[in-house]
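1. sequence first, then the predicted structure:
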Amino acid sequence: MRLVQTDDGLYPTVGRLLFTDVGVDPGTGQVSLRATFPNPKAALLPGPYVRVRVAQGMKADAVVVPAQAIQRSSAGEAQDYVVEDGKTALRPLRTGALTDTGWTVEEGLKAGETVVVEGFQKIQPGMAVNPVAWTGGRTAAAPEPHR
């Protein structure tokens, strides 16, 4: 668990979750948590509400694609162009959570498949393409792994 400071930086030490409420506030979507953080320099005061980052779980074999790779059909369903044998194919997807690194894809993609991230205006299903590695950055900084 990491404490997010007012300047959006992270507090230097990792905290420990002590308690989580079972209910979610329907008006705000917030959940109450109680945590403890080492405070060697007395920088933290007791009692204030703060923002934290909590790892909800880790899935080692998760397929994550950049957020801009996901397209939506007219019905709002997630889809993406996949390169198969040098040609594009539009594939329906079932997405999970949106993370700092992109969308988690629960169904429709396998690890190692090539997806189209940019240039959707220029392609159609079945079109021959020569894919190049995407060099774009993440939409937000990924949290540091915690041990």
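-> Thanks, I have it.
2. look up the closest residue to the residue nearest to the spatial centre of the chain, ignoring the ones flanking it.
-> By CA atoms, centre = their mean, the chain has its centre lying nearest to Thr99, at 0.8 Å. Residue nearest to Thr99 in three dimensions, not counting chain neighbours: Val64, with 6.5 Å by CB to CB, 6 or more residues apart in numbering. For glycine as for every other residue, the C-beta is placed from the backbone atoms N, C-alpha and C.
3. these two touch, right, Ile70 and Thr95?
-> Yes - between Ile70 and Thr95 there is a contact under CB atoms under 8 Å: 6.5 Å.
4. output the below-cut-off pLDDT ranges for this structure.
-> Filtered on pLDDT under 70, the chain yields the residue ranges 137-147.
5. break it into its domains for me.
-> Listed by automatic domain parsing, the domain ranges of the chain are 1-55, 63-122.
6. shared neighbours, Ile70 and Thr95?
-> Ala78, Trp103 (CB atoms under 8 Å, 6 or more residues apart in numbering).
7. which stretches of the protein form strands?
-> Using DSSP state E, the strands found in the chain span residues 2-4, 16-20, 33-36, 51-53, 63-65, 71-72, 78-84, 87-92, 94-99, 102-107, 114-115.
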